[in-house]
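In: Using only what follows, build the 3D model:
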Amino acid sequence: MVNFCRLTLGGEQETLHANKYQVVTNNPMVADAFGERCRVVFLEYGSDRDVIETVRDLVHQHHRVLTAPLAGSVKPWETPYRSVMVSTSKGSAIDTTSLELVEFALQIISQSRERLEPTKPSIDRDFQIIDLSLIESALPSVEAIGRV
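Out: Purely as a prediction, here's the structure:
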């Protein structure tokens, strides 16, 4: 059973589960890898900005950001893929730290230059692998500090 939903302009299709975290991504490798473990909000045709805006919407619904929205050393304009881990449980109020992280990420992405040329499939796959490894490597740290 795959636990992900694809967000489209026509609405959302979702499978429910009991995990304490969810992943918002536009990376098909992350959607496939995490689909069995947690809820995945897969923005199939979304940009990195769309991912961060979706995370911001979840923060406004009192979810917490569990991983840095701009993780890794890859510049925002160098990769089209972004994945962010967010709590599934809601707090009683907006988490200001999460909101600051997301707003800062949106500011950085807005100030970055646009990707001018499409990448070759092999390079695109490399960007997917980098994003997947970043989110996978964050999971033990998130669990160790008890944020999920």
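
In: The longest helix seen in the chain packs against which elements?
Out: Criterion DSSP state H: the longest helix present in the chain is helix 121-144. Counting by 3 or more Cβ pairs under 8 Å, 6 or more residues apart in numbering; DSSP states H and E, the packing neighbours recorded for helix 121-144 are strand 21-25, helix 28-34, strand 83-87. In this view, the C-beta of every residue, glycine as well, is placed from N, C-alpha and C.

In: For that helix, buried residues please.
Out: For helix 121-144, burial by neighbour count (16 or more other Cβ atoms under 10 Å) applies to Phe127, Gln128, Ile130, Asp131, Leu132, Leu134, Ile135, Ala138, Leu139, Val142.

In: From what I see, Ile130 and Val74 are in contact.
Out: Yes. The pair Ile130 / Val74 is scored as a contact, 6.1 Å apart, by Cβ atoms under 8 Å.

In: before we move on, back to that, closest to Thr97 out of the buried residues of helix 121-144?
Out: Val142 (14.3 Å; Cβ to Cβ).

In: Quick check: the closest one vs Tyr21, distance?
Out: 7 Å (Cβ to Cβ, to the nearest Å).

In: what do you get for Gln128?
Out: Per Cβ to Cβ, Gln128 is found 20 Å from Tyr21.

In: swap in Arg39?
Out: Using Cβ to Cβ, one obtains 8 Å as the distance from Arg39 to Tyr21.

In: Nice, that's everything, thank you.
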